[in-house]
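Novice: here is my input; please provide its structure:
(one chain, ligands or ions: 2)
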Amino acid sequence: MDVLDRFGIPRDAVITIGGTVGVGKSTITMALAETLGFRTSLEKVDTNPYLDLFYNDFEKWSFHLQIYFLAERFKEQKRIFEYGGGFVQDRSIYEDTGIFAKMLYEQGKMSETDYETYTSLFEAMVMTPYFPHPDVLIYLEGSFEDVINRIHERGRPMEQNTDIAYWQEMYRRYEDWINNFTACPVIRININEYDVVQDRDSIHHVLEKISQRISQNNRRVRA
Ligand SMILES: Nc1ncnc2c1ncn2[C@@H]1O[C@H](COP(=O)(O)OP(=O)(O)O)[C@@H](O)[C@H]1O
Ligand SMILES: Nc1ncnc2c1ncn2[C@H]1C[C@H](O)[C@@H](COP(=O)(O)O)O1
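Specialist: Ligands and ions are numbered 1, 2, ... in the order given. You can find the predicted model right below:
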């Protein structure tokens, strides 16, 4: 019996990992995909042509960056659909609008016109009955201090000089956002509940939770 059968996880499942910057999404995405034999859909930070520019000048580059992320995530969504699922996805498309674009607009770092253009594009692309939602969103949470330590430990240069207030505001918004999120079933996992770096088998705790959540749901039938 393979791990999918053992945990009752369908072979075409799409598991999305959400949570603030540095919380551990990419790390658990890779660990889960390897354990389940799934493909990964990862955020490509190194090849993003706007990210560095954005961190140096939020006002100037926020709209370009949001459009870029939207296009990238939509392409990934298409790839997942074409493979017929069996993916672990690093960050959901819902966070782009629900956290980042909204925050930049409300902080005056994106103009109203740009925000409206972005939102209408997002709604036309994503908020339709044809857009497949994930089977489950695994929301990673931890203390603000742990998250900041991880951002520093990872050491991406552009994130090191960013004002702490940016991460604090993002952290606060994530808590509100997840409390009101309804697009798909959610599993909240504290980062102290597992440690795939030191103890790979602790991933089984996460698999148990996915298994329980998926079996509680009437899964949609993927075409
Ligand atoms: N379970 C863990 N224990 C210890 N360190 C971790 C764990 N998960 C992630 N990290 C570390 O935290 C940092 C951020 O993780 P990452 O997966 O890149 O976060 P995200 O994708 O959410 O931004 C990295 O340096 C990573 O090695
Ligand atoms: N939609 C976004 N707007 C601004 N910045 C974003 C967006 N999505 C991701 N980011 C940033 C945050 C990090 O610096 C990198 C990668 O995110 P991570 O949470 O570390 O995977 O991109």
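Novice: below-threshold pLDDT in this structure: ranges please.
Specialist: The chain contains residues with pLDDT under 70 at 218-223.
Novice: one more time with 90
Specialist: Within the chain, the stretches with pLDDT under 90 are 1, 44, 125-132, 197, 200, 212-223.
Novice: spell out which parts of it neighbour ligand 2.
Specialist: The interface of the chain toward ligand 2, taken as CB under 6 Å from any ligand atom, is made up of 21-22, 25-26, 43, 45, 51, 65-66, 69, 91, 96, 100, 159. Heads up, the C-betas are built off the backbone N, CA and C, glycines and all.
Novice: rebuild those residues as a markdown table, extending it with secondary structure and neighbour count.
Specialist: What follows is those, written out as a markdown table (DSSP: H, G, I helix; E, B strand; the rest coil; neighbours: other CB atoms under 10 Å):
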| residue | secondary structure | neighbour count |
| --- | --- | --- |
| 21 | coil | 21 |
| 22 | coil | 22 |
| 25 | helix | 25 |
| 26 | helix | 17 |
| 43 | coil | 16 |
| 45 | coil | 12 |
| 51 | helix | 20 |
| 65 | helix | 23 |
| 66 | helix | 26 |
| 69 | helix | 21 |
| 91 | coil | 22 |
| 96 | helix | 20 |
| 100 | helix | 18 |
| 159 | helix | 17 |
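Novice: wait, what's in contact with residue 10?
Specialist: 4, 85, 135, 214, 219 (CB atoms under 8 Å, 6 or more residues apart in numbering).
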